[in-house]
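S.K.: Sequence first, predicted model second:
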Amino acid sequence: MSLPANVSVLDRVSSPLDLEGLSDDELGRLAEELRRETISAVSVTGGHLGA
């Protein structure tokens, strides 16, 4: 079951086992959410964000 666009996939994941139940679309959304969170954290704390 896919989530509505306004619901965070990241909020549903608390362990690697949670990834098994996600659809391909949800995994893509999770990757985007993780990217945004990482960039946000680095922009506040400073440091280097590499590829």
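M.R.: Arrived safely, thanks for sending. Since the structure is predicted, the reported quantities are computational estimates derived from the model, not experimental observations.
S.K.: Let me see the ranges of the helices in this structure.
M.R.: In the chain, the helices defined using DSSP state H lie at 24-45.
S.K.: Where does pLDDT dip in it?
M.R.: 1-5, 51 (pLDDT under 70).
S.K.: What's the separation between Glu33 and Ala41?
M.R.: Going from Glu33 to Ala41 by CB to CB, to the nearest Å gives 13 Å. For every residue, glycine as well, the C-beta is placed using N, CA and C.
S.K.: wait, Glu33 sits on Val7?
M.R.: No. The pair Glu33 / Val7 is not scored as a contact, 10.7 Å apart, by CB atoms under 8 Å.
S.K.: out of those two, which sits in the busier spot?
M.R.: Legend: neighbour count by other CB atoms under 10 Å for Glu33 and Val7, higher for Glu33 (15 against 11).
S.K.: Excluding residues flanking it in the chain, which one is nearest that one?
M.R.: The shortest distance from Glu33 to any non-neighbouring residue, by CB to CB, 6 or more residues apart in numbering, is to Leu10 (4.4 Å).
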